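S.K.: Mind looking at a prediction? Sequence and model below.
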Amino acid sequence: MNLASEYLNAVTRRFKNYKDLGDKTFAQLNNDADFHYQPNEASNSIAVIIQHMSGNMLSRWTNILTEDGEKTWRKRDEEFGVFSEQTKTQLVEKWEAGWNCLFAALASFTEDDLLKTIYIRKEGLTLIDAINRQLAHYPYHVGQIVYIGRMLKNSNWQSLSIVKNGSEAYNNSPDIKDPAKNF
């Protein structure tokens with residue numbers, strides 16, 4: 001395996017880990033209203049975060065090697081609108097569409113692509129830099145999703161990581177199989 005392949009495999013694993021955190025949060029939410037809960041007027045709901053992430057992913061990763069990553073068809077400001085009629089099912093479909101676009105793009109890249117200059121809002125970046133940029137952006141929003149889900153579930157929240165005061169037991173567990181998945 002060469003460095004380019006290892007890099008693409010590593011970032012794909014990281015993106016999948018963060019997607020999984022969102023998926024596991026959604027599984028704990030009971031109703032459509034949970035997705036639309038806003039802690040306050042200045043905060044986004046999970047629904048808004050999903051709309052934004054999906055819009056960003058579709059724009060960034062569609063034809064990224066040949067088109068600017070900020071597509072003219074993207075309506076970024078509208079992603080932050082409140083569409084309370086959207087159901088959990090519809091929102092999860094948007095979530096999946098964005099991630100599928102990202103994963104298809106990552107799977108298509110070659111070693112030669114990684115050092116190519118691509119553009120996002122007319123700013124030139126190497127593809128590596130663009131991937132790294134999104135690897136910082138998406139987990140930021142997934143963390144927001146998890147935090148809101150945790151607030152909603154309160155004491156019924158099922159931990160997505162090592163439970164509080166559980167590090168020693170976790171570290172001594174024979175079930176630890178993939179250290180790359182640990183936080």
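M.R.: Yep, it's here.
S.K.: Okay, buried residues for stretch 24-39 please.
M.R.: Within stretch 24-39, the residues scored as buried using 16 or more other CB atoms under 10 Å are 25-26, 28-29, 32, 34-36. Every C-beta, even on glycine, is put in place using the N, C-alpha and C of the backbone.
S.K.: brain fart, stretch 150-167
M.R.: Buried residues in stretch 150-167 (16+ other CB under 10 Å): 150, 152, 160.
S.K.: gap between the helix or strand the second one falls within and the chain center?
M.R.: Right, L152. If you go by DSSP states H and E, L152 is part of helix 127-153. In terms of CA atoms, centre = their mean, to the nearest Å, the centre of helix 127-153 is found 5 Å from the chain centre.
S.K.: now do stretch 167-174
M.R.: How far stretch 167-174 lies from its chain's middle: 28 Å, per CA atoms, centre = their mean.
S.K.: Give me the mean pLDDT for that stretch.
M.R.: Mean pLDDT, stretch 167-174: 82.
S.K.: Once you drop chain neighbours, what's closest to the residue nearest the centre of the chain?
M.R.: Residue closest to the mean C-alpha point of the chain, counted by CA atoms, centre = their mean, is Y138 at 4.2 Å. Spatially, and ignoring its direct neighbours in sequence, Y138 is nearest to Y18 (5.8 Å; CB to CB, 6 or more residues apart in numbering).
S.K.: The one helix or strand the one you found maps to to helix 127-153, inter-axis angle?
M.R.: Following DSSP H and E, one finds Y18 within helix 3-28. Interaxial angle, helix 3-28 versus helix 127-153 (axes from the mean of the first three to the mean of the last three CA atoms, to 10 degrees): 20 degrees.
S.K.: Pull the distance from helix 3-28 to the chain's centre.
M.R.: Remark: helix 3-28 is offset 8 Å from the chain centroid, using CA atoms, centre = their mean.
S.K.: What residues of it count as buried?
M.R.: 4, 7-8, 11-12, 14-15, 17-19, 21-23, 25-26, 28.
S.K.: which secondary structure elements does it contact?
M.R.: Judged by 3 or more CB pairs under 8 Å, 6 or more residues apart in numbering; DSSP states H and E, the packing partners of helix 3-28 are helix 88-108, helix 127-153.
S.K.: and the helix or strand just after that helix, what other elements does it pack with?
M.R.: Per DSSP H and E, helix 3-28 leads on to helix 32-36 as the next helix or strand towards the C-terminus. Contacting helix 32-36 under the criterion 3+ CB pairs under 8 Å, 6+ apart are the following elements: helix 46-61, helix 88-108.
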